[in-house]
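1. quick one, fold the following:
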Amino acid sequence: MAPEAASGRAPLATLLRLVQVSLGLRLVLDVVGLISATLAFDAGVIGLVALASLPSLGLLVLTFIAPRRGWVTARFISALLVAILVGQMLEGLVLQAMLRALPVEGFFGGADVLRRGRAAVEAGLPQPLVFLRSGFGVTLLLALIPSMLGSWLGGRRASLRWAALAILLNAAGLVAVDITNLTLLRFNLAAFSAQALVIAVTSIFVGTLADQLRSEQAHLRQANQQLAAQARVGEQLAASRERVRIARDLHDTLAHTLAAIDVQLKAVDALLDADPARARQGLRTAEDVVRHGLRDTRAAITDLRANLVEEQGLAAALQRLVDQIGPRSSASLTFEQIGAEPSLDRGRAETFVRIAQEALTNASRHAQARAIVLRLKATPTEVEIQVSDDGIGFDLESLDDARFGLRGMRERAEEVGARLKIESQAGRGTDVTLRMMLEG
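-> Sure thing, here's the model as predicted:
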């Protein structure tokens, strides 16, 4: 009844366990009926009761064999549920035949049956199977369970087919009823109509609920896939930002060093024949540049391996910058901290350090300053770093962003939502300020 595609839509192992519980319930009822028949009827009736239990027993054994053979699929469970409904119909027919074999006038009409049943009840014994299995609630339950499981397996559309199958097979038991007993026929028709209504409504409800649950699960899977895709994009962006950051670090260290060496070597080449003494002085200067550049490159590599910002905080990382750049600068470099350590995440703190590094490098190389001050100001709502020098200054309109690394500084600031401000006048020094508002 259920499509093969439904195999991935229902917890098949759980459905199989519910089928086993359903069959076990039927066998329990049959065992109780067998005990009742033993106490109330003769041996021939006991044999019929045992015969009626064979379909349920066989199907129960099959449910334990199926997992070991790898048969547990949606198609297998659907066929098993159909077999349960058919077995219930056959069992009902056998029980009807049992009633006909008794010396009674009609179904539930024989005085001998009633007398023996009443005697069993008065003796405190279980009610015979013919009364137990013919009850409205038990018949409804045994037909409703397979229909509900099939509706859960196949959804709302399949629920209509499962309800129809359960109702038709349940009605097949009426064929065995003695149609001459109009009172019994009317009773069975009324009971059948009530059962059919309950089976149809319940099956449709279960099928609709199953479809709704699967739809929600599909939305959740789609949302998880979208989140996974966004995570992958985030990883790619993070990797791209890291490549850009490394490129900027190389620019701040190795590129500056190589550019200085290139200029110095060209000067040496020009002076080599005309003024060997100055050429040798130029070589010594180039050696100093190489040593400084090597130290800066090693420091940058160390920063990549063990991040000082993450380990000790922004203030410690800025102080280290001053300690690294100060010895090779002609100016006096100092660090000032105003306020407590700011609460910045690692990425933003590293950005502040890199911008401060670029500003300090520019000031020490180009400003011709006597003093350079790096300040860190932090409040609960704002963090700011400022690099100030008393050097020669420059004209902002004629500033070459690419030459002094200012373009990279601005890009870094924009990435973290900070504002970069540069103030300078010829002969009055330069102030580079990076400011960012803190959330909350």
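
2. for the helix or strand hosting Gly293, give the mean pLDDT please.
-> Assigning secondary structure by DSSP states H and E places Gly293 in helix 276-305. Taken as a whole, helix 276-305 has a mean pLDDT of 76.

3. and stretch 51-59, by the same measure?
-> Over the span of stretch 51-59, the pLDDT mean works out to 81.

4. can you list the buried residues in it?
-> Of the residues in stretch 51-59, 52-53, 55-56, 59 count as buried by neighbour count, 16 or more other Cβ atoms under 10 Å. Yep, even glycine has a C-beta here, placed from its N, CA and C like the rest.

5. ok, now stretch 311-330?
-> Under the neighbour-count rule (16+ other Cβ under 10 Å), stretch 311-330 has 313-315, 317-322, 324-326, 329 buried.

6. and what of stretch 262-280?
-> Of the residues in stretch 262-280, those buried under the neighbour-count criterion (16+ other Cβ under 10 Å) are 264, 267-268, 271, 279.

7. does Met89 touch Ala166 like I think?
-> No - in this structure, Met89 sits apart from Ala166 without contact. The criterion is Cβ atoms under 8 Å, and the distance is 9.9 Å.

8. can you pull the domain assignment for the protein?
-> 4-226, 311-440 (automatic domain parsing).

9. ok so Val373 is a strand residue?
-> Yes - if the criterion is DSSP: H, G, I helix; E, B strand; the rest coil, then Val373 is within a strand.

10. next up, the contacts around it.
-> 333-336, 386-389 (Cβ atoms under 8 Å, 6 or more residues apart in numbering).

11. one step back: in helices only, show me the buried residues of stretch 51-59.
-> When these are checked against helices (DSSP state H), the matches are 52-53, 55-56, 59.

12. just those residues now: which is nearest Leu160?
-> For these, the closest approach to Leu160 (Cβ to Cβ) belongs to Leu59, at 24.3 Å.

13. ok, the closest one to Ile77 distance?
-> Taken as Cβ to Cβ, to the nearest Å, the spacing of Leu59 relative to Ile77 amounts to 12 Å.

14. swap in Arg348?
-> For Arg348, the distance to Ile77 (Cβ to Cβ) stands at 57 Å.

15. likewise for Arg161?
-> Relative to Ile77, Arg161 is positioned 15 Å away (criterion: Cβ to Cβ).

16. ok, of the contacts of Val373, which come out buried?
-> Among the contacts of Val373, those scoring as buried are 333, 335, 386-389 (criterion: 16+ other Cβ under 10 Å).

17. between those, which is nearest Arg365?
-> Nearest to Arg365 out of the buried ones among the contacts of Val373 is Asp389 (Cβ to Cβ; 11.0 Å).

18. after the helix holding Gly293, which helix or strand is next? Please name it.
-> helix 308-312.

19. pLDDT of that following helix, averaged?
-> 72.

20. helix, strand, or coil at the residue lying closest to Ala286 once chain neighbours are set aside?
-> Counting by Cβ to Cβ, 6 or more residues apart in numbering, Gln264 is the residue found nearest to Ala286 once chain neighbours are left out, at 4.1 Å. For Gln264, the reduced secondary structure class is helix; criterion used: three-state DSSP.

21. surely Gln264 and Gly282 touch.
-> Yes - at 5.7 Å, Gln264 counts as touching Gly282 under the criterion of Cβ under 8 Å.
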